[in-house]
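J.: here are the coordinates; sequence isn't available:
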Ligand code: URA
């Protein structure tokens, strides 16, 4: 059973995160670092996957060796910044199916509104890893998890690069059954909803938009 919140303090993760935070870091480097960190975070979030033994022959002798117990997986990217985490994780878990959730914020109600949803079939049989680099207010993340649960998912984990305490609390209240893995929990959110000190707008930084 995973803790509700895991902060990955590994030196490689923390070093790469610092480089990503720096405002001078160019777009291409930011994207590459995100890809690398995504794999280190995925390593952590899959730590307790079930294993089974398989009889194999090495060139020297037969042995019973551990393999993944065939658990079906789905990665779900919360658009658009989630896509920056997707490719690196897919390299590690090439058999995972991929889904996408698109949400925008209604300017009047400030509530997240769905504009796109596409999920692999049999979500209920899969370990679902939802990915979004920034867990800020937690509103869109919690809404994305609602959609995944409505689509049948029962075993969901959330992987992000950076979180604000407000977002962690919001997710814990709305989805206490969804463990979160992140590289850091920062100090707070500012009045514009940015994580402080954070790294700015993750989507803009990875895609070179403003
Ligand atoms: N989304 C971002 O990309 N950055 C923040 O700081 C908060 C939300």
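T.: Perfect, thanks for sending it. Owing to the predicted nature of the structure, the values given are computational and were not obtained by experimental measurement.

J.: mind listing the helices for this protein?
T.: Along the chain, the segments classed as helices by DSSP state H run 11-21, 27-45, 83-92, 139-150, 165-174, 202-207.

J.: Which strands or helices does the lengthiest strand in the chain pack on?
T.: Taking DSSP state E as the criterion, the chain has its longest strand at strand 97-105. Using 3 or more CB pairs under 8 Å, 6 or more residues apart in numbering; DSSP states H and E, the elements in contact with strand 97-105 are strand 73-78, strand 112-118, helix 139-150. C-beta here means a position set from N, CA and C on the backbone, and glycine is covered the same way.

J.: And the ones you listed: which comes nearest the ligand?
T.: In terms of CB to the nearest ligand atom, the element of the helices and strands packed on strand 97-105 nearest to the ligand is helix 139-150, at 8.9 Å.

J.: Now do the closest one, average pLDDT.
T.: Averaging pLDDT along helix 139-150 yields 96.

J.: tilt between that helix and strand 97-105?
T.: An angle of 130 degrees separates the directions of helix 139-150 and strand 97-105 when computed by axes from the mean of the first three to the mean of the last three CA atoms, to 10 degrees.

J.: got a list of contacts for helix 139-150?
T.: Taking CB atoms under 8 Å, 6 or more residues apart in numbering as the criterion, the residues outside helix 139-150 that touch it are 76, 78, 99, 101, 103, 105, 110-112, 114, 117, 119, 123, 128, 130, 132, 135, 156, 158, 160, 167, 170-171, 174-175, 178.

J.: Counting neighbours, what do you get for the nearest residue to residue 166 once chain neighbours are set aside?
T.: Taking CB to CB, 6 or more residues apart in numbering as the measure, residue 166 lies nearest to residue 189, with 5.3 Å between them; neighbours along the chain are not counted. The number of residues packed near residue 189 is 18, by other CB atoms under 10 Å.

J.: I figured residue 189 hits residue 169, correct?
T.: No: applying CB atoms under 8 Å, one finds residue 189 not in contact with residue 169, separated by 11.2 Å.

J.: No further queries at this time; thank you.
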